[in-house]
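Asker: got a sequence here, can you model it:
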Amino acid sequence: MNINKYYFVLLFILTFQISVSQEGDQETPIIKYFTESRGYINLDIEITDLKSNKGYIEIGLVDSKQNLIVNATSIKISNFKARISLDSINLGIYAVRFYHDENKNGKLDLNFIGIPKESYGSSNNIKPVLGPPKFEKMLFNLNENKKLIMAPVN
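Answerer: The predicted model follows:
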């Protein structure tokens, strides 16, 4: 009977250790697809010229109607760059938006008047002029496997 209790306690400790070790920094990005329909196109995204290696990159792929298609979070930064591959995307017209979550709080931090404190950018490297970038300028046609290289605009 004592041996069973010992094994039970040991199993509990090991289970707790595994769950705690998985909560910290993610080693692999988390990719969520928001559509049932899947295609055969791959989209490779590289973000360059980041200010630091701290935190993560968060990316959203939206269609031309601004519906979220894919969300990728916890993308690790190395040598001031981040890379992610999204697969099984349908042919279509899309835009990509990203931000550098340096403090890992899961949101784009803004100052008191609404200007982002953290780096951000979009497909076609559209720079904002008196407000957010125009969505129509971010759009690109995805009709074959493609690689996007983007940099923060701020």
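
Asker: what residues are bridge-paired with the residue lying closest to residue 61 once chain neighbours are set aside?
Answerer: Computed as Cβ to Cβ, 6 or more residues apart in numbering, the closest residue to residue 61 that is not its neighbour in sequence is residue 70, at 4.2 Å. (C-beta placed from N, C-alpha, C; glycine too.) Residue 70 has these beta-bridge partners by DSSP bridges: residue 33, residue 61.

Asker: any idea how far residue 70 lies from residue 31?
Answerer: Distance from residue 70 to residue 31, counting by Cβ to Cβ, to the nearest Å: 7 Å.

Asker: next: residue 94.
Answerer: The separation that residue 94 has from residue 31, given Cβ to Cβ, amounts to 15 Å.

Asker: which one's more surrounded, these two?
Answerer: More crowded of residue 94 and residue 31, by other Cβ atoms under 10 Å: residue 94, with 24 against 17.

Asker: and the more buried one, how close does it get to residue 138?
Answerer: 9 Å.

Asker: mutual contacts of the two, please.
Answerer: Common contacts of residue 94 and residue 138, defined by Cβ atoms under 8 Å, 6 or more residues apart in numbering, comprise residue 123.

Asker: quick revisit: identify the contacts common to residue 70 and residue 31.
Answerer: Shared contacts of residue 70 and residue 31, defined by Cβ under 8 Å, 6+ apart, are found at residue 86.

Asker: buried residues in stretch 77-87?
Answerer: Of all the residues in stretch 77-87, those buried under the rule 16 or more other Cβ atoms under 10 Å are 77, 82-84, 86.

Asker: actually stretch 115-125, not the one I typed
Answerer: Under 16+ other Cβ under 10 Å, the buried positions of stretch 115-125 are 116, 118-123.
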